[in-house]
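*Asks:* Quick one, what's the 3D model for this:
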Amino acid sequence: MELLECKQICKEFDNKKILKNINLKIPRGKIIGLLGKNGTGKSTFIKLINDLLTPSSGEILINGEKPGVKSKEIIAYLPERTYLDKEMTIKEAIKYFEEFYKNFNSKKALKLLVDLSLDINTKISKMSKGMQEKLQLILVMSREAELYILDEPLGGVDPATRDYILDTILSNFVDGSSVIISTHLISDIERILDEVIFMDKGEIILMSSADELRNKENSSIDEVFRRYFKC
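*Replies:* From the prediction side, this is the model:
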């Protein structure tokens with residue numbers, strides 16, 4: 001059974017098609033780049049998987065079941081925007097995740113906080129946007145989930161920290177789980193990708209193994225992306 005399967009997924013808003021006939025299967029044990037320009041439907045697709053939106057037609061299956069309570073238990077989702085209660089301290093945020101998610105590993109979270117030089121007693125409202133994004137990533141990657149979905153995980157992070165975060169993703173997701181990363185920073189993440197999905201105008205226009213695509217095009221994934229989406 002595939003970890004994630006989408007069958008003929010369409011999504012409309014005000015009679016405008018945002019997603020058109022999305023068909024894909026996500027196996028276990030893969031890191032997948034979901035790549036496309038702004039407004040191509042990536043975030044809508046991610047919200048459908050997380051049961052934050054409902055498809056207009058088609059079917060999404062996670063471990064063979066439709067999105068719901070069970071899928072939320074096994075999916076760790078990092079949204080693009082900060083969602084944490086700004087009045088919390090980091091310590092309180094960790095306690096909240098620990099109580100809310102049975103699969104949250106607080107020891108892992110505390111180690112990652114030390115590695116990224118975040119003080120557990122700091123109030124979230126006193127943290128920069130980049131620091132808040134680091135904290136959110138730590139909280140998400142400290143869950144022992146089956147599917148991690150990261151929407152722009154490097155957006156507000158300085159270049160010096162990006163490699164550490166990518167290595168954190170590589171070393172902290174559970175064996176047999178998969179990671180979907182939506183990002184514009186392709187050159188930064190492509191070294192960790194197993195597979196890539198290109199989306200344009202609400203459709204999947206390319207799905208490939210990362211290595212096969214590089215060999216076929218004799219180029220980096222970033223260069224291939226730039227050719228596909230050249231203005």
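*Asks:* what about the protein, any weak spots by pLDDT?
*Replies:* Residue ranges of the chain with pLDDT under 70: 156, 172, 231.
*Asks:* Just the helices from it, written as ranges.
*Replies:* Secondary structure of the chain by DSSP state H: the helices cover 42-49, 69-74, 90-100, 106-115, 129-141, 159-172, 186-189, 210-217, 221-228.
*Asks:* May I have the longest one as PDB, with CA atoms only?
*Replies:* What it means is helix 159-172. What follows is helix 159-172, C-alpha atoms only, in PDB (Å, rounded to 0.1, in the frame of the first residue of the first chain):
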ATOM      1  CA  PRO A 159      22.100  30.600   4.100                       C
ATOM      2  CA  ALA A 160      24.600  29.600   6.900                       C
ATOM      3  CA  THR A 161      21.800  27.700   8.700                       C
ATOM      4  CA  ARG A 162      20.200  26.000   5.600                       C
ATOM      5  CA  ASP A 163      22.700  23.200   5.300                       C
ATOM      6  CA  TYR A 164      22.200  22.300   9.000                       C
ATOM      7  CA  ILE A 165      18.400  22.300   8.500                       C
ATOM      8  CA  LEU A 166      18.700  20.100   5.500                       C
ATOM      9  CA  ASP A 167      20.900  17.700   7.400                       C
ATOM     10  CA  THR A 168      18.400  17.800  10.200                       C
ATOM     11  CA  ILE A 169      15.600  16.800   7.800                       C
ATOM     12  CA  LEU A 170      17.800  14.000   6.500                       C
ATOM     13  CA  SER A 171      18.800  12.600   9.900                       C
ATOM     14  CA  ASN A 172      15.600  13.100  11.800                       C
END
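*Asks:* and the gap between Ser177 and Glu98?
*Replies:* Distance, Ser177 to Glu98, by Cβ to Cβ, to the nearest Å: 20 Å. All C-beta spots, glycine's among them, are computed from the backbone N, C-alpha and C.
*Asks:* With neighbour numbers in mind, choose between these two.
*Replies:* Higher neighbour count among Ser177 and Glu98: Ser177, with 20 against 15, using other Cβ atoms under 10 Å.
*Asks:* Please name the residues that touch the more buried one.
*Replies:* Contacts for Ser177 were tallied using Cβ atoms under 8 Å, 6 or more residues apart in numbering; they are 3, 28-29, 145-148.
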